[in-house]
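>>> model this:
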Amino acid sequence: MLKTELSSAAAMPVSQSPAVQLENLTVEFVRRERTVKAVNGVSLTLARGEILTILGESGSGKSVTLRALMGLMPDYARLSGKVSVMGRDVAAMSKAERSAIRGPVISMIFQEPMTALDPVFTIGDQIAEILITQEGIDKRSATKRALELLDLVCIPSAARRLKNYPHEMSGGMRQRAMIAMALACKPSVLLADEPTTALDVTVQIQILLLLRQLQAELGMAVVFVTHDVGVAAEISDKVGVMYAGRLVETGSVSDVLGARKHPYTEGLLASTVHGGMRGKPLEMIRGQPPNLATLPPGCAFAPRCNYALDRCHKEDAQDIVLGEGRVVRCIRAEPDASAVRN
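Got it, this is the predicted structure:
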């Protein structure tokens with residue numbers, strides 16, 4: 001069975017290098033009229049078998065970071081810094097080399113399956129095409145594996161669904177099919193770009209539990225992008241909070257969600273709806289996210305921050321290391337900043 005094959009592959013000895021490593025990643029979209037600074041010096045390390053969730057508002061650079069890892073940058077993008085996946089420098093690869101690692105080494109679940117899936121091919125044909133292209137197996141074997149993959153992601157009546165076109169399936173079924181496609185070539189790193197955003201709560205929970213189960217069985221490293229704090233709490237080992245193209249706070253789930261240090265993280269959590277809020281006003285982060293083509297001087301969050309000082313508007317905050325894997329980009333986290341916190 002495919003499940004056994006994948007589990008065996010995950011148990012094999014692997015390199016001690018991190019599954020994912022970004023060092024000072026910067027991505028700019030250069031157009032004639034302006035330059036948009038989408039990602040501004042992101043650094044992170046993810047070990048094999050870990051799940052990192054990146055939180056943040058729309059436009060904060062989350063999806064661009066994933067596309068940089070996949071090597072899916074448009075020609076007008078200017079990328080600098082180190083982008084390493086399973087010890088391989090993605091930024092230094094040719095287009096052919098990047099194409100060769102998509103599937104066997106790194107794979108991605110895209111945000112909206114209805115636009116990511118090809119409407120004129122059946123689900124079975126689309127999964128089989130990946131296997132034929134990347135592993136060189138014949139159509140019959142690829143179709144058999146496609147059926148096993150649909151069983152793996154718990155799609156009922158898998159043999160019948162294999163012959164369905166995307167529009168013939170529900171949103172939850174299409175999302176499961178996308179997960180099956182992403183797992184087809186046994187990737188070491190899985191990227192998930194808001195895979196539950198368009199789903200109702202019941203289906204969302206099913207998808208999250210499925211991803212967590214498959215990740216544990218297959219030993220994959222997962223980078224999960226969302227703006228939903230509840231999703232992050234459910235699925236993550238580590239959390240990174242992103243604002244204006246920068247990671248402003250990173251650490252374990254308990255550290256970031258239970259003992260947040262950055263004002264933006266505090267604002268995100270305070271503006272999240274939960275069951276105990278009946279009769280209470282919903283807090284919000286005032287103002288709007290900055291224009292990434294004209295970032296303000298100093299800390300990008302300062303114009304919206306309840307704790308901002310004159311210094312915050314003039315000089316950019318630096319990363320403050322509070323422990324292993326625990327980093328906060330705010331002057332309030334500095335060791336001598338007790339007066340600032342009051």
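
>>> can I assume Thr35 is in contact with Tyr76?
No. Under the criterion of CB atoms under 8 Å, Thr35 is not in contact with Tyr76, lying 9.8 Å apart. The C-beta positions use only the backbone N, C-alpha and C, and glycine is treated the same way.

>>> out of these two, which sits in the busier spot?
The neighbour comparison of Thr35 against Tyr76 (other CB atoms under 10 Å) goes to Thr35, with 15 against 12.

>>> tell me the secondary structure at Ile320.
Using DSSP: H, G, I helix; E, B strand; the rest coil as the criterion, the local structure at Ile320 reads strand.

>>> give the contact list for Pro297.
Neighbour list for Pro297: 313-314 [criterion: CB atoms under 8 Å, 6 or more residues apart in numbering].

>>> mutual contacts of Thr35 and Tyr76, please.
Both Thr35 and Tyr76 are in contact with Phe29, where contact means CB under 8 Å, 6+ apart.

>>> where do the helices sit along the protein?
Counting by DSSP state H, one finds helices in the chain at the ranges 2-11, 62-70, 95-101, 113-116, 123-135, 139-152, 158-161, 171-183, 201-218, 229-235, 253-258, 263-270, 310-314, 338-341.

>>> dump the third one to PDB, keeping only the CA atoms.
Same thing as helix 95-101. Once non-C-alpha atoms are left out, helix 95-101 reads as follows in PDB (Å, rounded to 0.1, in the frame of the first residue of the first chain):
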ATOM      1  CA  LYS A  95      14.500  26.600 -13.800                       C
ATOM      2  CA  ALA A  96      14.900  22.900 -14.800                       C
ATOM      3  CA  GLU A  97      16.500  22.100 -11.400                       C
ATOM      4  CA  ARG A  98      13.700  23.800  -9.500                       C
ATOM      5  CA  SER A  99      11.100  22.000 -11.500                       C
ATOM      6  CA  ALA A 100      12.800  18.700 -10.700                       C
ATOM      7  CA  ILE A 101      12.500  19.200  -6.900                       C
END
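
>>> distance between it and the chain's centre?
Centroid separation for helix 95-101 versus its chain: 20 Å, with CA atoms, centre = their mean, to the nearest Å.

>>> now swap in the fifth one and tell me
For helix 123-135, the distance from its own C-alpha centre to the chain's C-alpha centre is 24 Å (CA atoms, centre = their mean).

>>> doesn't Leu191 make contact with Met220?
No. No contact is recorded between Met220 and Leu191 when judged using CB under 8 Å, the distance being 10.3 Å.

>>> using CSV, lay out the helices of the chain together with distance to Leu22 and mean neighbour count.
Supplementary listing: those in CSV, determined by distance: least, CB to CB, whole Å; neighbours: other CB atoms under 10 Å:
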stretch, distance to Leu22, mean neighbour count
helix 2-11, 23, 14
helix 62-70, 8, 22
helix 95-101, 16, 14
helix 113-116, 24, 16
helix 123-135, 25, 20
helix 139-152, 29, 19
helix 158-161, 37, 15
helix 171-183, 20, 24
helix 201-218, 20, 16
helix 229-235, 19, 20
helix 253-258, 18, 18
helix 263-270, 20, 20
helix 310-314, 26, 14
helix 338-341, 29, 10
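
>>> minimum distance to Cys330: which of these has it?
When the helices of the chain are compared for distance to Cys330 using CB to CB, the nearest one is helix 263-270, at 6.8 Å.

>>> for the closest one, packing partners?
strand 238-243, strand 246-252 (3 or more CB pairs under 8 Å, 6 or more residues apart in numbering; DSSP states H and E).

>>> for His167, grab the count of nearby residues.
Applying other CB under 10 Å, we find 9 residues neighbouring His167.

>>> hmm, Val120 and it touching each other?
No. Under the criterion of CB under 8 Å, His167 is not in contact with Val120, lying 10.4 Å apart.

>>> circling back to that earlier point, check the helices of the chain for me: which has the lowest mean pLDDT.
Sorting the helices of the chain by mean pLDDT places helix 2-11 lowest, at a mean of 41.

>>> show me this protein divided up by domain.
Per automatic domain parsing, the structural domains of the chain span 2-105+187-265+317-337, 116-185.

>>> identify the residues contacting the closest residue to Thr143 other than its chain neighbours.
What sits nearest to Thr143 in space, not counting adjacent residues and going by CB to CB, 6 or more residues apart in numbering, is Ala128, at 5.1 Å. If a contact means CB under 8 Å, 6+ apart, then Ala128 has 139, 142-143, 145-146 as its contacts.

>>> what sits against the closest residue to Val42 other than its chain neighbours?
Taking CB to CB, 6+ apart, and ignoring the residues beside it in sequence, Val42 has Leu25 as its nearest neighbour in space, at 4.5 Å. With contacts taken as CB under 8 Å, 6+ apart, Leu25 has the following neighbours: 39, 41-43, 65, 68, 79-83.

>>> with mean neighbour count, mean pLDDT and distance to Gly124 as new columns, can the helices and strands packed on helix 263-270 be given to me in TSV?
Formatted as TSV, the entries for the helices and strands packed on helix 263-270 read as follows, by neighbours: other CB atoms under 10 Å; pLDDT from 0 to 100; distance: least, CB to CB, whole Å:
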stretch	mean neighbour count	mean pLDDT	distance to Gly124
strand 238-243	25	95	36
strand 246-252	24	95	39
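
>>> any chance of those strands in TSV, plus distance to Phe29?
Supplementary listing: those in TSV, determined by distance: least, CB to CB, whole Å:
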stretch	distance to Phe29
strand 238-243	17
strand 246-252	16
